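> task: produce atomic coordinates for the following.
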Amino acid sequence: MRFYPHLLWSVCLGFLLLCAFCSAAQVTSNKGRDFWVGYMAHIQNESGPNPPQGISSMNLYVTSDVNTTVRVTVGAGAATTHQVSANSVTVIPVSPSVAYVGSSEVIENKAIHVTSTEPVVVYSHIYHLNKSGATLVLPANTLGRSYYAISYNQTQYLDARAASQLMVVALEDNTTLEITPTAPTLGGQPAGKPFSPNRPLMKGEVYQVRSLQDLTGTKVESIESGIGSCKRIAVFSGSSYTAIPEPYTCPGQFSGDNLYQQLYPVSAWGKNFMTAPFKSRMSGDIYRVLASKDNTVITVNGQSVTKNSGQYHEFENSIANYITTSEPVQVTQYTKSQLCDDVPSDPEMVLINPVEQTLKNITLYSSPFFQISSHYINVTMKTADIGSFRLDGQPVAFTPVPANPTYSYAQNTVSSGNHTLTADQGFNAIAYGLGNVESYAYSAGANVTNLNQNITVASDSICEGRSIRFKGFAVYVPLAWKWYFGDGTTSSEQNPTHAFPRAGKFNVSLVTTKSNGNDCDSQDSTNIEVEVLSNPEAAFSYDVACANDSTRFTDQSKVTTGDSLIQWRWNFGDGTTSRKQHPAHRFKNPGTYKVTLSVTNQNFCVSDTTLDVTIFAPPAARFSASQTCDKEPMAFQDQTTVAQGRVARWEWDFGDGTPRSAEQHPRHVYVGVGTYTVKLKAFSDQGCQDSTQQTVVIHPRPLAGFTLPDLCVKDEAVFQNQSTLASGTMTYRWDFGDGSSSTAPTPRHRYTAEGNYTVKLVVTSNRGCQDSVSHTFTISGAVPVAEFTASSFCQEQGMVFQDASTIAFGKIIRRQWTFGDGTSSEETNPSHQYAKPGTYQVQLRVWSGIVCEASLTKTIVVLPNPAAGFTAANVCEGTPARFTNTTQDRGSGALTYRWDFGDGTTSTEASPAHLYAAPGTYMVVLAVKGANSCEQTSTSTITVFPTPKADFSPTAGCLAEAVSFQDMSSLAGGRLTSWAWDFGDGASAAAQHATHKYERDGTYQVRLTVTSELGCTHTISKAVSIAPAPVAKAGPDQLLCGNANATLAANSPAPATGQWTVVRGSGGSFANAASPTTTFTGSLGTDYTLRWTVSNSPCVSATDEVEIKLQPTPAVNAGKDILLIEGESIKLEGSGEGQLSWSPNTNLSNQNTANPVASPLVTTTYYLSTVSEAGCPNVDSMVVTVIKRLQIPSAFSPNGDGSNDTWVLEGIQDYPHLNIEIYNRWGQQVYSTRGYSTPWDGKRNGVDLPIGAYYYIIDPSNGRPKITGPLTILR
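Okay, here's the model as predicted:
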């Protein structure tokens, strides 16, 4: 465990993923669509199923430069779908319950499979609190069959459960593994002996191998078997928890971490490496160079060593290194923990890419999170190319590598955030950051190319139907070349040309066979993905194709979803072209033309199509029209001809806005004279058309008309001609209906007999247009007889005269009335109003013709009317109105009366009184009738003024305060002008709103009288209650320690009511909020302000507040009991709040700090006490037990000479429960015991063990770390 604050690096890693896609030009082989990863063991999960601090977590970080969909499957579980937005990071948690692997040498179906619709970059991160490890995940197409594990020296000093480990993920069914461990495994496999799992792995299964010793150099291979060929695998390695370097090399080092890296296949290893030291390091970095073949010569800065397969060369320095090897190797660079380097840091390991595997464009993210205070980027590249290198667009300084100046390195200090690295030629880069007991480091990208054999191709995409040229490369001469194109076809050529049968993505594999290999070593393979892009599907249509018109071509080409067209090329077959999508083209001559459309999509794939387009000759439109008059039909005659086919359709436009006609020979009626343009559009049966137009003239028709005279048989008739014509001249022909006629414009005619005659007039224009009209009229035959009716009437009512004149045949054409008062009328039945009563002579004259006349005179009498009248005064609402009758009879005799008061009520009294129900203005009508039945009415208005409604508030008050009386009186109309208050205690006031203070509580009768501006008044009386004032006392403030219940002590509210409320603080409640002595329960650690409110309406409530401080007993923890070896010091793990103090202070570095260093000489009980700021105390204790240091001899000689015959451990009495295990150099256990009461005599099962080197593991079983070391038996 670490004793330094160390925060998570997990989110930090998530941001690092942005490096993969920030530049569209970056093409790295760690980008793909298919990934496999495993959840390796973590030390936190070794603490049991539910450790106090929880178990480890795993996140996948996925990013892409395009929007895409990602699916994640764990084992046989259901897939989860996640959306990834372009240039952002999607965090995908992986549940430990389904994916975590803590076993060793057990096949489990727990592989994590990540697939994507578009290329993505994936990182995997396993972490818990301050123990964090992450790796770049390689896509499936970059994986191989042979790997070597890389880790670091495994120590149990920090935690005896920690293990070095590797994990294999099967990508295919029936994957047979062979693993050669470099150390004994937890599953019992010995070092140096190849073994295989008990069965082949199926797709999605994982196999983890763990050891208490470093597994670096362990070989992992996929081999052939009887049920399957060599299969690609993914391999991860590292440690569940270890230190760098081992803890005992740095005094006081307690820092460790889990290690987690996906390994590169051996085929991607290189022979040339340039390293740059981590900047700001004081004691240098650790490097390991791992060999894959025997007799590999490793040269570091000119110094050479030779290593065999699986062995590594380790060195440490603080300079840039030039590493060359005779065979491919893998180089790993390690950082040390902080106390080993005297600068902020954390253990890390990162795989170094060879100079053969470089990139030209990288964008990465330097994260500031979790104590990272400094950020750096190391770059290595050829010295000749450093001039083109740019960091965020700026050149940087490089330093030549001392051992090889043709290469240079740069150590760049950068800020947190995005950084872009570019160059014209390839380079390698590592991004890293350092902080207090914290660091991160990662390769900025991985170009995982098989350096033994690979594929080159001009482009990784091609249009459908086209051939692509593949080139195979190998560093050796293969026995055979075998290409698998992913479409079911193969080739044995070295550089084949292939055309794929359809669009899609194809995984192309090249397998070469070696001459000196065996099993899977006899083959090399490389995979690339080739995308065959869909061609567009060219298609078009066209409308009618005629020689005299533009033919419109419509592009109807199709593309696949997400694709689009960017170019169109038309060839019309007549020597002309177009680049429009939907062109229009006019062909000059009829005939058949080959029209070709060629379209190009956004991937520059081309498709074309050709159609025969026949261009037809158009018809020749012609027509003729007849002459016509206004409102007469005009006949049109079609005369159209066509050279090919027939005329199939006609479209006539008559030029007057009426609907068009489709008849061949239409007839049309114009409704107005004038000149019209008639258009004909003729269509052939091929759809071709032609049009023509003519003007036609519509002549005006005359409008016949005349007036008839009113005549008797004695008169001569004169007919007035009213015929009209817009232009030109007219002739006339009259028919008088009695057999006679005339051509005069205005003729005269005398009829010889009475009767009804029909007269007809026909008029003709000089253009031949004609109109006629007929009227029937009567010739009266005799003199009429005058007669009318009239009776006596009242003067003011007027009289209607009824004509009763007659004639034997015909009709009366005129009347004249003379009324005898100097007035007259020519109405048939006139009405007349005489100015005064009296007797009058009335005459009526009637005519049936010009000379036929008769008359009649009669005497009529006009009666007098009474003179009605009355007076009345306006009143207030609720007061009766009195009406005074002033009527005069004026000779009309005895009078009767009828009153209408305007509110729906009436009266027949002479001078009545009336009470109106509501205020308002009323129209009063008095109707007076005399004995002669003549009547007269008189009308006048009366206003009923509204009476105010007195009202006021309040009806209660408080003795301690003046009562403010508010006038609430109302008036329907007008305004109030005065107020009179009587407060019931002898006091009064005249203001609208009055204020009065009573001397004693009690009930008073208060009266208010109000008067309107029109003098209307109203009075109201109310009982007003005056209450005594309330008093509130909340009680004393309280401080409670460790107690959340406070008993309150407020005054009694009687006769009023009380209520407790919380003014400040949250989470509290009252047992009875209305009780003055209730219990208040709050939350410890919270200060409350409580308010006691006493209410006695309508008085203002009285309040008082009390402070209640519920302070928790301050937390204090002296820490767990400690077992200490004499002479050692230990930092106490105390913690707490407030002012801390240890006692006794004997052998403590500082009594007043939470974590003093204790150096007791004997077993001691320490007490840690504290007092919070509020004054609450607390105390806790722990025991430091001091035991003897175990003295372990590194050799003994069990030869029976009485000296050192047994392996005696001094101080063993303080370790009663220890476990001892002793192994020989082959990893076999030769001795074990629990407790050590009898020293070991160097025997196994009673037989002396041979002299030599052994290895012991002592578990003190008291919480102390295991003790390991060598032991030699001498004889």
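> can you give me the end-to-end span of stretch 299-315?
12 Å (C-alpha to C-alpha, to the nearest Å).
> which residues are contacting it?
Applying C-beta atoms under 8 Å, 6 or more residues apart in numbering, the contact partners of stretch 299-315 are 148, 180, 182, 216-219, 286-298, 319, 321-325, 402-403. In this view, the C-beta of every residue, glycine as well, is placed from N, C-alpha and C.
> can you give me the buried ones in it?
Going by neighbour count (16 or more other C-beta atoms under 10 Å), the buried part of stretch 299-315 is Thr299, Val300, Asn301, Lys307, Ser309, Gly310, Gln311, Tyr312, His313, Phe315.
> likewise for stretch 788-805?
Neighbour-count burial for stretch 788-805, counted by 16+ other C-beta under 10 Å, picks out Phe788, Ala790, Phe793, Cys794, Gln795, Glu796, Met799, Phe801, Asp803, Ser805.
> could you do stretch 858-876 as well?
Under the neighbour-count criterion of 16+ other C-beta under 10 Å, stretch 858-876 has Ile860, Val862, Leu863, Pro864, Asn865, Pro866, Ala868, Phe870, Ala872, Val875, Cys876 buried.
> likewise stretch 629-646?
In terms of neighbour count (16+ other C-beta under 10 Å), stretch 629-646 has its buried residues at Cys629, Asp630, Glu632, Met634, Phe636, Asp638, Thr640, Val642.
> which helix or strand lies directly C-terminal to the one helix or strand Val1094 maps to?
In this assignment (DSSP states H and E), Val1094 forms part of strand 1086-1095. Once the chain leaves strand 1086-1095, the next helix or strand it forms, by DSSP H and E, is strand 1102-1111.
> just the C-alphas of that next one, formatted as PDB.
Extracted in PDB, the C-alpha atoms of strand 1102-1111 (Å, rounded to 0.1, in the frame of the first residue of the first chain):
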ATOM      1  CA  ALA A1102     -44.500  38.500  19.200                       C
ATOM      2  CA  THR A1103     -41.300  36.500  18.400                       C
ATOM      3  CA  ASP A1104     -38.100  35.500  20.200                       C
ATOM      4  CA  GLU A1105     -35.200  33.400  19.000                       C
ATOM      5  CA  VAL A1106     -32.900  30.800  20.600                       C
ATOM      6  CA  GLU A1107     -29.600  29.400  19.300                       C
ATOM      7  CA  ILE A1108     -29.300  25.600  19.500                       C
ATOM      8  CA  LYS A1109     -25.900  24.200  18.600                       C
ATOM      9  CA  LEU A1110     -25.900  20.400  18.100                       C
ATOM     10  CA  GLN A1111     -22.200  19.800  17.700                       C
END
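> Leu1132 against Pro1156, yeah?
Yes - between Leu1132 and Pro1156 there is a contact under C-beta atoms under 8 Å: 5.7 Å.
> shared neighbours, the two?
Trp1142, Leu1148.
> lowest average confidence, helix or strand, in the protein?
For the chain, using mean pLDDT, DSSP states H and E, the weakest element among its helices and strands is helix 10-16, scoring a mean of 37.
> where is the longest strand in this protein?
Across the chain, the longest stretch assigned as strand under DSSP state E is strand 417-435.
> that strand packs against which elements?
strand 348-352, strand 359-366, strand 372-382, strand 390-391, strand 438-443 (3 or more C-beta pairs under 8 Å, 6 or more residues apart in numbering; DSSP states H and E).
> Ile55 and Ile126: what is the separation?
Here Ile55 is placed at a distance of 11 Å from Ile126 (C-beta to C-beta, to the nearest Å).
> give the residue from these two that has the larger number of neighbours.
Neighbours were counted for Ile55 and for Ile126 using other C-beta atoms under 10 Å; Ile126 has more, 29 against 18.
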